[in-house]
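# one predicted model, sequence on top.
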Amino acid sequence: LKVLELFRTLRRQAAQAGGRVVTLLGNHEALNLEGDFRYVNEAELQSTGRETWSEMFDPEAGAIGAELRGHEAAVVAGGGGRPP
């Protein structure tokens, strides 16, 4: 959860500077969206005050699930590191 906040901050900062941060959907995030939570940190769940991970990662209703659903699965970058 802390890394997601870091990427939110980086995206805002990049946008303010005229750039862009592209966050990719990783394999563990994809597993979470499918309801597979075997790689999550239970102590981190407790820190959120939520009962279950599925509350947060539900792709339709959960805040994190909705955010992750908007992440790219792959990116092709053009010359000079700029997206085509």
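In hand now; what should we look at? Residues are numbered from 1 along each chain as shown.
# which intervals of the chain have sub-threshold pLDDT?
Within the chain, the stretches with pLDDT under 70 are 59, 75-84.
# tell me, what residue is most central in it?
Per CA atoms, centre = their mean, the C-alpha nearest to the average position across the chain is that of L68, at 4.3 Å.
# report the contact partners of that one.
Shown in contact with L68 (CB atoms under 8 Å, 6 or more residues apart in numbering): L25, E29, N32, L33, F57, P59. Any C-beta I mention is one placed from the backbone N, CA and C, and that applies to glycine too.
# neighbour count added to those residues, as a markdown table?
Converted to a markdown table, the contacts of L68 look like this (neighbours: other CB atoms under 10 Å):
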| residue | neighbour count |
| --- | --- |
| L25 | 15 |
| E29 | 20 |
| N32 | 24 |
| L33 | 17 |
| F57 | 25 |
| P59 | 15 |
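# closest to A74 among these?
Taking CB to CB as the measure, A74 lies nearest L25 of the contacts of L68, at 8.9 Å.
# and the contacts of L68, which two are furthest apart?
Checking the contacts of L68 with CB to CB, the most distant pair is L25 and F57, at 12.2 Å.
# tell me which of the contacts of L68 fall in helices.
Among the contacts of L68, the subset assigned to helices under DSSP state H consists of E29, N32, L33, F57.
# returning to that earlier point: now render the contacts of L68 as CSV, adding distance to F7.
Converted to CSV, these look like this (distance: CB to CB, whole Å):
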residue, distance to F7
L25, 12
E29, 11
N32, 15
L33, 16
F57, 16
P59, 18
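# which helix runs longest in the protein?
helix 2-16.
# dump that helix to CSV, restricted to CA.
The C-alpha trace of helix 2-16 is given here as CSV (Å, rounded to 0.1, in the frame of the first residue of the first chain):
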residue,chain,number,x,y,z
LYS,A,2,2.9,2.4,0.7
VAL,A,3,4.3,1.8,-2.8
LEU,A,4,1.0,2.6,-4.3
GLU,A,5,1.0,6.0,-2.5
LEU,A,6,4.6,6.6,-3.6
PHE,A,7,3.5,6.1,-7.3
ARG,A,8,0.5,8.4,-6.8
THR,A,9,2.9,11.1,-5.6
LEU,A,10,5.3,10.5,-8.4
ARG,A,11,2.5,10.7,-11.0
ARG,A,12,1.4,14.0,-9.6
GLN,A,13,4.9,15.4,-9.4
ALA,A,14,5.7,14.3,-13.0
ALA,A,15,2.5,15.8,-14.3
GLN,A,16,3.3,19.2,-12.6
